[in-house]
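**Q** structure of the sequence below:
(one chain, ligands or ions: 1)
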Amino acid sequence: MTKTNKTLVTGGAGFIGSHLVEKLLKSGEEVFVIDDLSTGSLKNIAHLKKNKNFHFIKGTILDSQKIEKLAKKVNQIYHLAAAVGVKTIIDKPLDSFLLNIRGTEIVLNAALQYKVPVLVASTSEIYGKNDKLPFTEESDRVYGSAYHNRWGYAMSKGADEFLALAYYREKGLPAITVRLFNVIGPRQTGVYGMVIPRFVQQALAGRPITIYGDGYQTRCFGYIDDVVDALIKLADNPKAIGHIFNLGSDEEISIKELAQKIKKLANSKSSIAFIPYAKVYGEDFDDMARRKPDLSKIQKFIGYEPKISLEESLKRIIDYYGKKQDAR
Ligand code: UDP
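**A** This next block holds a predicted model:
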């Protein structure tokens with residue numbers, strides 16, 4: 001059992017949130033979820049509804065009264081609600097920017113009123129176009145032109161990180177920030193641009209696998225179970241308070257290799273198509289060439305090692321989508 005027994009998860013109907021909630025409920029916690037269902041889905045939490053320790057509140061983190069009422073009831077907050085996915089950020093830059101900054105400020109402020117520890121989910125996007133790999137928590141953040149909507153996401157999450165640190169340093173709020181590196185697993189949707197659910201569904205349906213750009217860009221994909229375990233361990237570790245952590249996998253792969261791997265593992269006859277970024281995200285789009293975390297800090301604090309390899313993760317995700325297709 002973890003040390004807390006009543007927990008609030010903002011964004012708990014999302015991909016990462018729903019897995020976290022599941023794990024917290026399994027360990028006997030009472031869990032409150034607030035989610036506006038903008039990118040989260042009731043389907044993600046349908047199987048949890050019968051658990052008497054599970055409470056779902058449909059609402060936005062911009063509703064400070066609701067958030068304060070919830071903060072009063074709990075002794076741990078995981079703040080995961082945010083505008084999510086490159087597509088969302090490009091399509092709705094203003095809403096995304098404001099939701100991430102105002103929403104986080106509201107959550108931190110409510111937490112402070114009732115002295116509730118908060119874990120704030122941030123993102124590897126924060127490192128931007130820095131090309132000195134791997135990224136440590138101290139690495140510089142390098143952003144492109146202000147005209148490129150994409151950087152609004154990194155800027156907004158950067159503001160969230162500063163807010164969490166300032167609430168900790170100036171007000172004593174026990175806050176932890178975690179930079180998530182391309183988390184993958186069942187329930188993740190490809191609708192907001194995420195590459196693995198898109199490639200897997202394309203491969204299973206025999207449609208072309210759509211690589212954006214030349215496919216030489218790299219990412220590291222962390223499996224959801226490893227990530228959720230680590231989030232709980234960090235929240236349970238008083239030494240982690242006031243710190244920022246990278247979390248994910250450090251197994252780097254190019255998007256082209258990823259497409260080939262998924263095609264092979266899914267036994268697919270799909271072709272592989274290369275699509276210019278401009279066609280997908282418009283002319284003013286910037287991608288990052290490589291992204292890889294240094295995981296030594298989180299390893300030192302909670303003994304974190306990613307247990308599930310990329311190959312195993314892909315097999316599980318292919319299996320998940322395969323079953324979903326069969327069920328249709
Ligand atoms: N990507 C791709 N085809 C797709 C979706 C994404 O080639 O159908 C690429 C995307 O351009 C990026 C990488 O895959 O280089 C990871 O994209 P994702 O949106 O999953 O995450 P992020 O860019 O935030 O790391």
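
**Q** I'd say residue 275 and residue 210 touch.
**A** Yes. Residue 275 is within contact range of residue 210, at 5.3 Å (criterion: CB atoms under 8 Å). Quick note: C-beta positions are derived from backbone N, CA and C, even for glycine.

**Q** out of these two, which sits in the more crowded spot?
**A** residue 210 (17 against 12; other CB atoms under 10 Å).

**Q** for the helix or strand harbouring that one, what is the average pLDDT?
**A** Using DSSP states H and E, residue 210 sits within strand 209-212. When pLDDT is averaged along strand 209-212, the result is 98.

**Q** count of residues packed around residue 37?
**A** Applying other CB under 10 Å, we find 14 residues neighbouring residue 37.

**Q** doesn't it fall inside a strand?
**A** No. Assessed with DSSP: H, G, I helix; E, B strand; the rest coil, residue 37 is coil; it does not lie in a strand.

**Q** pull the contacting residues for the spatially closest residue to residue 102 that is not a sequence neighbour.
**A** Distance criterion CB to CB, 6 or more residues apart in numbering; nearest residue to residue 102, sequence neighbours excluded, is residue 62 at 5.9 Å. Counting by CB atoms under 8 Å, 6 or more residues apart in numbering, residue 62 touches 99, 102-103, 106.

**Q** can you check residue 114 too?
**A** 71-72.

**Q** so does stretch 84-92 get close to the ligand?
**A** Yes. Applying CB under 6 Å from any ligand atom, one finds stretch 84-92 touching the ligand at residue 86.

**Q** gap between that stretch and the chain center?
**A** The chain centroid and the centroid of stretch 84-92 are separated by 14 Å under CA atoms, centre = their mean, to the nearest Å.

**Q** picking that back up, restricted to strands, list the contacts of residue 62.
**A** Under the assignment DSSP state E, these contribute nothing to strands.

**Q** which residue is the nearest non-sequential neighbour of the closest residue to the ligand within the stretch 1-150 of the chain?
**A** Nearest to the ligand in the stretch 1-150 of the chain, going by CB to the nearest ligand atom, is residue 86, at a distance of 4.4 Å. Once flanking residues are discounted, residue 86 sits nearest to residue 193: 4.4 Å by CB to CB, 6+ apart.

**Q** quick one: secondary structure of the one you found?
**A** coil.

**Q** which ones are touching it?
**A** Contacts of residue 193 (CB under 8 Å, 6+ apart): 85-88.

**Q** what does residue 282 give?
**A** Taking CB under 8 Å, 6+ apart, we find residue 282 in contact with residue 90.

**Q** and what of the one 5 residues further on?
**A** Contact partners of residue 287, counting by CB under 8 Å, 6+ apart, are 212-213, 217, 277.

**Q** make it 7 Å
**A** For residue 287, the contact set (CB atoms under 7 Å, 6 or more residues apart in numbering) comprises 213, 217, 277.

**Q** please apply the same query to residue 122.
**A** Counting by CB under 7 Å, 6+ apart, residue 122 has contacts 157, 160-161, 177-179.

**Q** 6 Å instead, please
**A** Going by CB atoms under 6 Å, 6 or more residues apart in numbering, residue 122 touches 157, 161, 177, 179.

**Q** sitting in helices, which of the residues you listed do you find?
**A** Judged by DSSP state H, the subset of the contacts of residue 122 located in helices is 157, 161.

**Q** around the ligand, which positions in the stretch 1-150 of the chain sit nearby?
**A** Within reach of the ligand by CB under 6 Å from any ligand atom, the stretch 1-150 of the chain has these residues: 86, 125.

**Q** a strand runs through residue 7, doesn't it?
**A** Yes. Under three-state DSSP, residue 7 sits within a strand.

**Q** list the buried residues in stretch 49-63.
**A** 54-57, 59-61, 63 (16 or more other CB atoms under 10 Å).

**Q** can you give me the end-to-end distance of that stretch?
**A** Here the two ends of stretch 49-63 are set 23 Å apart, with distance taken as CA to CA, to the nearest Å.

**Q** which residues does the worst-scoring helix or strand of the chain on mean pLDDT contact?
**A** Every helix and strand of the chain was ranked by mean pLDDT, DSSP states H and E. The lowest is helix 86-91, at a mean of 85. For helix 86-91, the surrounding residues in contact (CB under 6 Å, 6+ apart) are 96, 149, 153, 192-193, 281.

**Q** just stretch 267-274 next, same as before
**A** By CB under 6 Å, 6+ apart, the list of residues contacting stretch 267-274 reads 202-203, 206, 208-211, 259, 263.

**Q** what's the farthest-apart pair in those?
**A** By the measure CB to CB, 206 and 211 form the most distant pair in these, at 16.6 Å.

**Q** could you pull out the strands for the stretch 151-300 of the chain?
**A** 175-180, 183-184, 209-212, 218-220, 222-223, 244-247, 252-254, 272-275 (DSSP state E, counting those that start in this stretch).

**Q** just the buried residues of stretch 197-206, please?
**A** 197-204.

**Q** which of these come close to the ligand?
**A** Intersecting the buried residues of stretch 197-206 with the surroundings of the ligand, defined as CB under 6 Å from any ligand atom, gives residue 198.
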